[in-house]
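In: Got a sequence here, can you build the structure:
(one chain, ligands or ions: 1)
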Amino acid sequence: MGARERQATEEHATEEHRKTQTRQGTNLPCSSVSFFVYFCVFLCVLLWPLFLLTFLLSPWSVHAAVQTRPQPATAPEMPRVRLIATGGTISNKVGGRLTAAELVTLVPDVTRWAKPETEQFANQSSSELTLDQWLALSKRINALLDDDRGLAGIVVTSGTDTLEELAYFLDLSVRSDRPVVVVGSMRNPSTLGYEGAANLQEAFRVAATPVARGRGVLVVLNDEINAAREVTKTDALRLNTFQSRGYGILGVVDADRVVFYRDVVKRHSIKSELDLTTVSALPRVDIVMVYQGAPGDLIKAAVDRGAKGIVMAAAGAGATSGTQDEGIAYATGKGVFVVITTRTGSGRIAARLRTPGAPGATASSRRSEYQIAGEDLAPLKARILLMLALTKTQDPTDIQRMFIEY
Ligand code: ASP
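Out: Numbering: from 1, shown residues only. Predicted coordinates:
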């Protein structure tokens, strides 16, 4: 091979090598390029649904992020509770009685449980309140609860002397299932150990809790919740004076929560038929005590002075004394209702045979239809029920039914 041919052969070899290099090296060989292209296409096909999904879900993600982001702190809406003050030892400060607004300032932490509102109805001792004031108070509470559906409950301050009477009157005549709590104190605000602020705080807590709904009017003092129907003041001075003899408390107000243990099954509040809307005055009903040799002319005097009902605080299971049977006969003969209760403090007076002349009828069983068995109601409570019942009916059967149902 000549020099020229050798050079041509080498040039050809170099060109072949360059082409091979171009395919395999510098610009990648053909098979690697294809693999890369296929891989990219594969990735796109595989991943585009994921991209799409991410895009579609992004609004929810943003929403969720906003939701979980800490929100600016706003105070929870507290139940509104209205304090209606009527007076009593709880506000009887030396130098001047405290107003409803001043009472609330004694309980600065009340806002932990309730948003308080205040209203001054009266500012006097409980025994000074008139029946007309009771009537006005009941109407006011009914109107408030009717007009203000967002009101959680009502606290009524009262002197303790006749607190149990006012509480039962409201229990029968306030027709709502929202709590109405009656509260007082045994020590006045100027006395060491004044317990009024603590009682008031507990009354607000009970009035604010939905747990207290539908339980009638409640009396709250000394950490205890009593039913208006059952509670009575048992001691002239002691702090634990309010007791429900024979039945016990309904519940307690403890540091952590308000606890109820039982209900009153008798009719009250929302289940009461005793509507005072159109009543302008309560009828006179007196209480006459039975004691040894008691004269019947006191009963006659009450009737002659306009009493429409007499409640006998009888001995034991309904016994009368002296000439009281004559007085009772005088009253019932004039269509005045006589309700027999017991002065013992507990127990029940059952309805007796009322069939004059029936075989075996004795003097005590020959009773007028106007003589009503007071069941287990204390004389004070029986008087309240009879007053209210007489605003609705004069029918002895109806009145006796009420004493069984309420
Ligand atoms: N005298 C007061 C009253 O009943 C007694 C009291 O509040 O405890 O108004």
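
In: Do I have it right that residue 341 meets residue 310?
Out: No. If you go by C-beta atoms under 8 Å, residue 341 and residue 310 don't touch, sitting 10.8 Å apart. For the C-beta atoms, the positions are set from N, CA and C on the backbone; glycine is no exception.

In: which residues touch residue 181?
Out: By C-beta atoms under 8 Å, 6 or more residues apart in numbering, the contact set of residue 181 is 153-156, 203, 206-207, 212, 217-220.

In: In strands, which of those residues fall?
Out: Among the contacts of residue 181, the members falling in strands (DSSP state E) are 153-156, 218-220.

In: so which of those also contact the ligand?
Out: For the ligand, no contacts are drawn from the ones in strands among the contacts of residue 181 by C-beta under 6 Å from any ligand atom.

In: Buried subset of those residues, written for PyMOL?
Out: Selection of buried members from these for PyMOL, criterion 16 or more other C-beta atoms under 10 Å:
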select buried, resi 153+154+155+156+218+219+220
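
In: quick one: contacts for residue 172?
Out: 268-269, 272, 274, 384-385, 388, 406.

In: out of the ones in strands among the contacts of residue 181, who's nearest residue 351?
Out: residue 219 (28.6 Å; C-beta to C-beta).

In: Okay, and the beta partners of that closest one?
Out: residue 182, residue 226 (DSSP bridges).

In: which residues touch it?
Out: 163-164, 167, 181-183, 225-228, 231, 242.

In: please redo it, this time with the cut-off set to 7 Å
Out: 163, 167, 182, 226, 228, 231, 242 (C-beta atoms under 7 Å, 6 or more residues apart in numbering).

In: Turn the contacts of residue 181 into CSV, columns for pLDDT.
Out: Formatted as CSV, these follow (pLDDT from 0 to 100):
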residue, pLDDT
153, 98
154, 99
155, 99
156, 99
203, 99
206, 99
207, 98
212, 98
217, 98
218, 98
219, 99
220, 99
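
In: buried sites along stretch 377-394?
Out: Buried residues in stretch 377-394 (16+ other C-beta under 10 Å): 377-391.

In: Restricting to C-alpha, output that stretch in PDB.
Out: Listed next in PDB are the C-alpha coordinates belonging to stretch 377-394 (Å, rounded to 0.1, in the frame of the first residue of the first chain):
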ATOM      1  CA  LEU A 377     -97.800  20.600 102.900                       C
ATOM      2  CA  ALA A 378     -96.600  22.600 105.900                       C
ATOM      3  CA  PRO A 379     -99.300  25.100 107.100                       C
ATOM      4  CA  LEU A 380     -97.300  28.100 105.500                       C
ATOM      5  CA  LYS A 381     -97.100  26.300 102.100                       C
ATOM      6  CA  ALA A 382    -100.700  25.100 102.200                       C
ATOM      7  CA  ARG A 383    -101.800  28.800 102.700                       C
ATOM      8  CA  ILE A 384     -99.900  29.800  99.600                       C
ATOM      9  CA  LEU A 385    -101.400  27.000  97.500                       C
ATOM     10  CA  LEU A 386    -104.900  27.800  98.800                       C
ATOM     11  CA  MET A 387    -104.500  31.500  98.000                       C
ATOM     12  CA  LEU A 388    -103.500  30.700  94.400                       C
ATOM     13  CA  ALA A 389    -106.000  27.900  93.900                       C
ATOM     14  CA  LEU A 390    -108.800  30.300  95.000                       C
ATOM     15  CA  THR A 391    -107.800  32.700  92.200                       C
ATOM     16  CA  LYS A 392    -108.700  29.900  89.700                       C
ATOM     17  CA  THR A 393    -111.600  27.900  91.200                       C
ATOM     18  CA  GLN A 394    -114.200  27.600  93.900                       C
END
